[in-house]
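Asks: would you be able to build a 3D model of this:
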Amino acid sequence: MNTTQYFGRVIATIVGVSVPIVAIALALPGFAQEKSDKTQERIGVYDSRAVAVAYAGSTFQETRMKDLTAQSKKAREAGDAKEVSRLEAEGQAWQAKLKKQGFGTAPVDDLLAHIAGELPKIQENAGVTRLISKWNKAELDKHPKVGQVDITLRLVDAFHPNETQRKRAIEIQKMRPAKL
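Replies: Numbers count the residues shown, from 1 in each chain. The predicted structure is shown next:
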């Protein structure tokens with residue numbers, strides 16, 4: 001028997017013996033398993049301004065704008081000054097809110113509602129249990145020992161922004177929020 005054949009038999013013997021040993025060891029309780037206390041909860045944090053920027057110009061925003069415009073046109077044609085006034089006030093309030101969301105730190109829960117169907121998948125893919133705006137210090141302080149994962153761009157992409165919108169959503173994150 002030459003050296004190559006000898007080492008071939010040694011390796012075959014080692015592999016033949018080690019596979020059953022590894023299989024038995026893996027079957028033992030607790031062997032090669034992470035302890036559950038090592039798994040740390042993680043939350044998804046996001047820049048709410050980027051979400052608002054992605055919402056602006058989205059099909060969701062366009063749909064709402066078209067609806068308000070149609071309602072306003074109908075009220076004008078009907079001569080319903082009270083309804084026209086109400087709709088104008090609603091439009092102005094909506095615009096002011098979007099400004100606070102897009103440039104300040106106002107919550108964007110109403111905007112995230114448009115992509116609610118995609119949120120569970122986003123959370124699962126990111127390995128997070130909840131979503132919290134990075135500006136919501138009070139809520140973040142309730143979870144001091146929890147890992148954080150930035151999911152801003154995942155949320156932005158859920159609005160299917162065009163290239164310009166996505167670029168603006170990224171750029172807004174580099175700026176300080178306005179105090180509105």
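
Asks: part of a strand, is Val45?
Replies: Yes - Val45 forms part of a strand when assessed by DSSP: H, G, I helix; E, B strand; the rest coil.

Asks: residue ranges with poor pLDDT in the chain?
Replies: The model of the chain has pLDDT under 70 over residues 1-39.

Asks: in it, which spans are helices?
Replies: Ranges of helices in the chain, per DSSP state H, are 3-27, 48-55, 59-78, 81-103, 109-112, 119-126, 137-141, 152-158, 163-172.

Asks: could the ones you listed go into a markdown table alongside distance to Gln40 and mean neighbour count?
Replies: C-beta here means a position set from N, CA and C on the backbone, and glycine is covered the same way. As requested, these are exported to a markdown table (distance: least, C-beta to C-beta, whole Å; neighbours: other C-beta atoms under 10 Å):
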| stretch | distance to Gln40 | mean neighbour count |
| --- | --- | --- |
| helix 3-27 | 25 | 10 |
| helix 48-55 | 24 | 26 |
| helix 59-78 | 34 | 13 |
| helix 81-103 | 31 | 15 |
| helix 109-112 | 24 | 17 |
| helix 119-126 | 14 | 14 |
| helix 137-141 | 15 | 11 |
| helix 152-158 | 20 | 20 |
| helix 163-172 | 28 | 15 |
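
Asks: which among the ones you listed is found nearest to Leu180?
Replies: Across those, Leu180 has its closest neighbour in helix 81-103 (4.9 Å, C-beta to C-beta).

Asks: helices and strands around that closest one, which ones?
Replies: For helix 81-103, the elements it packs on are helix 48-55, helix 59-78, judged by 3 or more C-beta pairs under 8 Å, 6 or more residues apart in numbering; DSSP states H and E.

Asks: run the last query once more with 10 Å
Replies: Helix 81-103 sits against helix 48-55, helix 59-78, helix 109-112, helix 163-172, with contacts defined as 3 or more C-beta pairs under 10 Å, 6 or more residues apart in numbering; DSSP states H and E.

Asks: got those as CSV, with distance to Lys134 columns?
Replies: Below are these laid out as CSV (distance: least, C-beta to C-beta, whole Å):
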stretch, distance to Lys134
helix 48-55, 8
helix 59-78, 22
helix 109-112, 14
helix 163-172, 13
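
Asks: returning to that earlier point: can you tell me which of the helices of the chain comes nearest to Glu41?
Replies: Nearest of the helices of the chain (C-beta to C-beta): helix 119-126, 12.0 Å.

Asks: and Ala116, how many neighbours?
Replies: By the measure other C-beta atoms under 10 Å, the count of residues near Ala116 is 10.
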